[in-house]
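In: generate a structure from the sequence data that follows.
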Amino acid sequence: MAKTQDMTAVLKDMMGAFPVDTAAFEDAFKNTASLNEKLAGVALTAAEKSSEISNKWTKDTLAKLSDMSKAKAEPADYAKAMTDFASAQAEVAAENLAAFAEVAKKVQADSFELFMSASKEATDGAQAAVKKATADVTAAAKKATSK
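Out: Numbers count the residues shown, from 1 in each chain. As a prediction, the model looks like this:
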């Protein structure tokens with residue numbers, strides 16, 4: 001009878017002829033973790049600045065409400081206080097929305113810079129990996145054909 005070929009040995013020989021470099025996977029993981037850390041830093045800084053803007057806006061509003069809620073001598077003074085409050089709030093709202101827009105612009109710029117940097121690193125890494133893989137496969141092919 002014909003003897004069945006041991007496929008385990010065949011697969012082992014085949015995999016040995018094409019070695020896998022796990023360093024590329026490790027580098028990809030490290031680069032991804034580093035990018036995530038930087039992006040988290042951008043997000044946390046933006047959240048902190050947004051929180052500061054909101055906190056200041058709230059304090060200013062409460063202070064103006066305190067002034068508005070004081071007892072007045074004349075009924076017309078209540079209308080004036082309400083008008084002053086509304087006009088001050090419109091001005092403060094415009095200032096704070098502009099501050100939020102600046103935070104958003106900074107986040108966008110920082111994120112874009114990080115992604116461009118990561119893209120360049122990934123491209124450079126991919127080129128190096130392709131060159132190394134090509135050299136490894138060429139060497140393995142030469143070794144296999146010389147036997």
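
In: is Val107 in contact with Val42, as I believe?
Out: Yes: contact criterion CB atoms under 8 Å: Val107 and Val42 qualify, at 5.8 Å. Yep, even glycine has a C-beta here, placed from its N, CA and C like the rest.

In: Thr8 sits in which helix or strand?
Out: For Thr8, the element it lies in under DSSP states H and E is helix 7-17.

In: just give me how far that helix sits from the chain centre.
Out: Here helix 7-17 is found 42 Å from its chain centre; the criterion is CA atoms, centre = their mean, to the nearest Å.

In: same question, stretch 20-34
Out: 18 Å.

In: output that stretch as CSV, nothing but the C-alphas.
Out: The C-alpha trace of stretch 20-34 is given here as CSV (Å, rounded to 0.1, in the frame of the first residue of the first chain):
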residue,chain,number,x,y,z
VAL,A,20,7.0,35.6,9.8
ASP,A,21,8.5,38.6,11.5
THR,A,22,6.3,39.5,14.5
ALA,A,23,8.2,42.7,15.1
ALA,A,24,6.0,44.4,12.4
PHE,A,25,2.9,43.5,14.4
GLU,A,26,4.5,44.7,17.7
ASP,A,27,5.6,48.0,16.0
ALA,A,28,2.0,48.5,14.7
PHE,A,29,0.6,47.9,18.1
LYS,A,30,3.0,50.3,19.7
ASN,A,31,2.4,52.9,17.1
THR,A,32,-1.4,52.6,17.5
ALA,A,33,-1.2,52.8,21.3
SER,A,34,1.0,55.9,21.0
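
In: which elements pack onto the helix or strand hosting Leu62?
Out: For Leu62, the element it lies in under DSSP H and E is helix 23-68. Secondary-structure packing of helix 23-68 (3 or more CB pairs under 8 Å, 6 or more residues apart in numbering; DSSP states H and E): helix 75-146.

In: can you name every helix or strand that the helix it packs on contacts?
Out: Using 3+ CB pairs under 8 Å, 6+ apart, helix 75-146 sits against helix 7-17, helix 23-68.

In: give me that answer again for 6 Å
Out: Identification of packing neighbours for helix 75-146 by 3 or more CB pairs under 6 Å, 6 or more residues apart in numbering; DSSP states H and E yields helix 23-68.

In: got the angle between the helix it packs on and helix 75-146?
Out: Interaxial angle, helix 23-68 versus helix 75-146 (axes from the mean of the first three to the mean of the last three CA atoms, to 10 degrees): 180 degrees.

In: okay then, goodbye and thanks.
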